[in-house]
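Peer 1: okay, predicted coordinates and the sequence, questions at the end:
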Number of protein chains: 2
Amino acid sequence: MTDDDRVFKALADPTRRFLLDLLFARDGRTLTELESGLEMTRFGVMKHLRLLEEAGLVVTRKSGREKLHFLNPVPIRLIHDRWIDKYTERPVSALAELKAELEDES
Amino acid sequence: MTDDDRVFKALADPTRRFLLDLLFARDGRTLTELESGLEMTRFGVMKHLRLLEEAGLVVTRKSGREKLHFLNPVPIRLIHDRWIDKYTERPVSALAELKAELEDES
DNA sequence: AAGATAGGTGACCGAATGGTCACATGTCCA
DNA sequence: TGGACATGTGACCATTCGGTCACCTATCTT
């Protein structure tokens, strides 16, 4: 399993993306705290967090009996860089904004 | 199945990412042409291209009996925007470049 | 018209994935 | 010290996914 394979596989599940959303909103949460926002057992959440950590999308730090989780955005940026040319970045970004606005209105 | 779910699922497979790489290098290829670069039957490649198209990562145009495939980078940009804050974008980008350089050297 | 070429459909099978549970370890606090 | 709390492990099962095949339609060329 290559490095980027782990990243893309990790992002393929909606629960794991939601976990990233939670951490994007506020970092440094524990497993129990993250679990409370999901309709799933602790074990399911743990498995998801492990995959995110192995992919490098989440980094952790232990503090006593707690494990704190932090979002690491670098792999996301690398995805972007893989298929978006530096020279065409500006127009693509404009299109992305347009699409986001249209969806907000509807 | 939501829109972004389709995108992330589509990106989860290495063959599909390689197809995007091929189209990023040069657009407008046919199924047969894309198939020739892969060790897989035409049917496998067809399935992958269909998922990429349903995700909006690839757009197509028919020309006679041929179907031409083009890369659409907009969904990629939206992934980026989801977890990378506009205000912290610059430092993250710098880190991403550093990581890419380090991997080139090793 | 007829063969060759490009693409398409539905069924099928082995492998990987998402989720749960019984059970276990380490840490905090009364 | 003992119980409550936070996290961890391995086995297990249903579902999804990647890939192939038999068979089919549409277009081009001579």
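Peer 2: That came through fine.
Peer 1: use CA for all of it now, contacts and neighbours both
Peer 2: Fine.
Peer 1: grab the nearest non-local neighbour of the residue most central in space within chain A.
Peer 2: The residue lying closest to the centre of chain A (Cα atoms, centre = their mean) is A:L20, at 3.5 Å. Distances taken as Cα to Cα, 6 or more residues apart in numbering or on different chains place A:L71 nearest to A:L20, at 6.7 Å, with adjacent residues excluded.
Peer 1: my read: the one you found touches A:L22, true?
Peer 2: No. With contact defined as Cα atoms under 8 Å, A:L71 does not reach A:L22; the gap is 9.2 Å.
Peer 1: how far out from the middle of the chain is the helix ranked longest in chain A?
Peer 2: Across chain A, the longest stretch assigned as helix under DSSP state H is helix A:89-105. Relative to its chain's centre, helix A:89-105 lies at 21 Å (Cα atoms, centre = their mean, to the nearest Å).
Peer 1: what of stretch A:55-72?
Peer 2: Distance of stretch A:55-72 from its chain centroid, counting by Cα atoms, centre = their mean, is 13 Å.
Peer 1: what does that stretch contact?
Peer 2: A:3-4, A:6-7, A:10, A:20, A:23-24, A:27-31, A:49, A:52-53, A:73-76 (Cα atoms under 8 Å, 6 or more residues apart in numbering or on different chains).
Peer 1: how long is it end to end?
Peer 2: In stretch A:55-72, first residue to last residue: 10 Å (Cα to Cα, to the nearest Å).
Peer 1: in that stretch, which residues are buried?
Peer 2: Under the neighbour-count criterion of 16 or more other Cα atoms under 10 Å in any protein chain shown, stretch A:55-72 has A:55-60, A:68-72 buried.
Peer 1: widest-spaced pair of these?
Peer 2: With Cα to Cα as the measure, no two of the buried residues of stretch A:55-72 lie farther apart than A:A55 and A:L68, at 16.5 Å.
Peer 1: what's the longest helix of chain A packed up against?
Peer 2: With contacts taken as 3 or more Cα pairs under 8 Å, 6 or more residues apart in numbering or on different chains; DSSP states H and E, helix A:89-105 sits against helix B:74-83.
Peer 1: neighbouring contacts of the helix it packs on?
Peer 2: With contact meaning Cα under 8 Å, 6+ apart, helix B:74-83 is reached by A:20-21, A:24, A:73, A:76-77, A:79-80, A:83-84, A:92-93, A:95-96, B:7, B:56-57.
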